[in-house]
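**Q** Mind looking at a prediction? Sequence and model below.
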Amino acid sequence: MGYISFIFLLIAISCVAMKPYPLGINFGPNHITAAYITAANQPVVAARLAVDDEYRALIADSIENEGKKVQRQGQWYLSDGDSLIPTSPDPDHNPKLESIFAKWMDRIHNTVNTNASIPNIITSISIPQHFNGSLYSAVGNAALKNEEGMIRPWQTRHYYNAARLAYHLNSCQGLGLDSRTCHIEDGPHLVLFLDYNESYLEFFLADVGEFTFINVAKKRMEHLKTSTFDASNADGLRNELLSFIDRNLRYDVRDDLRAIVFSGDAAKSRFQELRNEIIRAMPEHATRIRDSIDPALVGAIGAAEWAKLQVQNPKILKDIEVDTTIPNNPVHDEL
Ligand SMILES: *[C@@H]1O[C@H](CO)[C@@H](O)[C@H](O)[C@H]1NC(C)=O
Ligand SMILES: *[C@@H]1O[C@H](CO)[C@@H](O)[C@H](O)[C@H]1NC(C)=O
Ligand SMILES: *[C@@H]1O[C@H](CO)[C@@H](O)[C@H](O)[C@H]1NC(C)=O
């Protein structure tokens, strides 16, 4: 090999080896997972930590109290059956919550630190879909205070809005549309998420654009938790799915359902069963199922893709007031 080509080879190797994108992390119900995208566009899981009792309690409390605190004409209420009891607003800062999230970000750094070839800067975070505004702020405040890679609140996204990026469902190509004729913002482009972990199955329907993510409908089922789909609960699942689709999608817009994304930490065999039942219920949508990525890692890999997008398009992180061409993010990201 000539001297010159050897130099070029070295440059080529160092370019490929050099620049992985920063970390994205997913705050899941059972694991906190960090991932990144390599310079060769491969997603890599860098750390996956099992949660502790304190974090589990926080998740359980947030699920239990989801939607109970509501605001009407400036006043906050707790809903108790049919009545509304006046209550005080949440504080702007909740040091206890913030310290829990900061602790897990520290743990991710400490885990990743042992391997110099892994980037150790967090620039995007995915949080549970049901997190309310106060929890969203607590994660954001912890990250903005402690993470040098976090400079804008919208580097944090709710779960499905991050997860969709694992399958590039923010572009015409990712949505399976012809990029010569399709305009990403001329929707609807519907995505159905099936989040499955054995104690529940959640259907979540969203209308997506490049930066927009509009929550259309959700239904969480706790009663499909039996060990496997036998004939009776398989029928139940198909009926639930079809009635969810009928209620939320007119027959003539079914083709706008561009992708069906599997996520969650149920066993592989359960996802296979789920897949079979989805195909029985909606055979014409079989090719739109997205399950090539391990469903348990979809949130973290989506967050990693979001971290990569920020590097490729740094304008995303400019101030919205300064650059009004950049859409606010997340938009409509509340059900
Ligand atoms: C948000 O959730 C937390 C945890 O469940 C709760 O303490 C808080 O009051 C909720 N805030 C609102 C505005 O719903
Ligand atoms: C460091 O991380 C890379 C990428 O995940 C992995 O391929 C490599 O084996 C790790 N090295 C060590 C010593 O763990
Ligand atoms: C499913 O999620 C719940 C909390 O949301 C958790 O307690 C349970 O352990 C999870 N199941 C599995 C199999 O991970």
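**A** Received it, and whenever you're ready, just let me know what you need. Numbers count the residues shown, from 1 in each chain. Ligands and ions are numbered 1, 2, ... in the order given.
**Q** Return the residues of the stretch 201-335 of the chain in contact with ligand 3.
**A** Neighbours of ligand 3 within the stretch 201-335 of the chain, by CB under 6 Å from any ligand atom: D265. Where you see a C-beta, it was placed from the backbone N, CA and C, and this is true even at glycine.
**Q** State the pLDDT value of the residue in the stretch 1-150 of the chain positioned nearest to ligand 2.
**A** Nearest residue of the stretch 1-150 of the chain to ligand 2 (CB to the nearest ligand atom) works out as N115 at 3.7 Å. At N115, the model reports a pLDDT of 93.
**Q** i'd like the first residue to be 820 from this point on
**A** Sounds good: first residue 820 from here, last item N934.
**Q** got the contact list for the residue lying closest to it once chain neighbours are set aside?
**A** Of all residues not flanking N934 in the chain, A865 sits nearest, at 7.9 Å (CB to CB, 6 or more residues apart in numbering). Counting by CB atoms under 8 Å, 6 or more residues apart in numbering, A865 touches 842, 853-855, 927, 930-931, 934, 937-938.
**Q** swap in Q992?
**A** Q992 neighbours (CB under 8 Å, 6+ apart): S998.
**Q** Distance of it relative to ligand 2?
**A** Distance of Q992 to ligand 2, computed by CB to the nearest ligand atom, to the nearest Å: 28 Å.
**Q** Would you mind giving the secondary structure of that residue?
**A** coil (DSSP: H, G, I helix; E, B strand; the rest coil).
**Q** which SSE is the residue nearest to N934 in?
**A** Per DSSP states H and E, A865 falls inside strand 862-869.
**Q** Strand partners (parallel or antiparallel) of that strand?
**A** Sheet pairing for strand 862-869, assigned by DSSP bridges, gives strand 850-856 (antiparallel).
**Q** what does the partner strand contact?
**A** Contact with strand 850-856 is made by 839-845, 862-870, 874, 923, 926-927, 930-931, 937-938, 941, 1084, 1115-1116, 1118-1120, 1122-1124, 1126-1127, as judged by CB under 8 Å, 6+ apart.
**Q** For the closest residue in space to I927 that isn't next to it in sequence, the count of nearby residues, please.
**A** Leaving aside its chain neighbours, I927 sits nearest to A853 (4.8 Å; criterion: CB to CB, 6+ apart). By other CB atoms under 10 Å, the residues close to A853 number 30.
**Q** gap between A853 and G900?
**A** Going from A853 to G900 by CB to CB, to the nearest Å gives 42 Å.
**Q** Packing partners of the helix or strand that A1119 is a member of?
**A** Using DSSP H and E, the element containing A1119 is helix 1117-1131. Here helix 1117-1131 touches strand 842-846, strand 850-856, strand 862-869, strand 941-946, helix 978-985, strand 1076-1082, going by 3 or more CB pairs under 8 Å, 6 or more residues apart in numbering; DSSP states H and E.
**Q** Tell me where the protein has strands.
**A** 842-846, 850-856, 862-869, 888-891, 894-899, 902-906, 941-946, 975-977, 1009-1015, 1020-1027, 1032-1040, 1076-1082, 1108-1109 (DSSP state E).
**Q** Among these, which comes closest to L1060?
**A** Of all those, it is strand 1020-1027 that lies closest to L1060, at 6.9 Å by CB to CB.
**Q** CA atoms only: put the closest one into CSV for me.
**A** C-alpha atoms of strand 1020-1027 as CSV (Å, rounded to 0.1, in the frame of the first residue of the first chain):
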residue,chain,number,x,y,z
LEU,A,1020,-51.3,-3.4,27.1
GLU,A,1021,-51.7,0.2,26.0
PHE,A,1022,-52.9,1.4,22.6
PHE,A,1023,-51.8,4.9,21.7
LEU,A,1024,-52.7,6.7,18.5
ALA,A,1025,-50.8,9.8,17.4
ASP,A,1026,-50.7,12.0,14.3
VAL,A,1027,-47.1,12.8,13.5
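**Q** what does that strand rub up against?
**A** Residues outside strand 1020-1027 that contact it (CB under 8 Å, 6+ apart) are 948, 979-980, 983, 988-989, 994, 1006-1015, 1032-1040, 1043, 1056, 1059-1060, 1063, 1067-1068, 1093.
**Q** Report the buried members of the residues you listed.
**A** The neighbour-count test (16 or more other CB atoms under 10 Å) marks 948, 979-980, 983, 988-989, 994, 1007-1015, 1032-1034, 1037, 1040, 1043, 1056, 1059-1060, 1063, 1067-1068, 1093 as buried among the contacts of strand 1020-1027.
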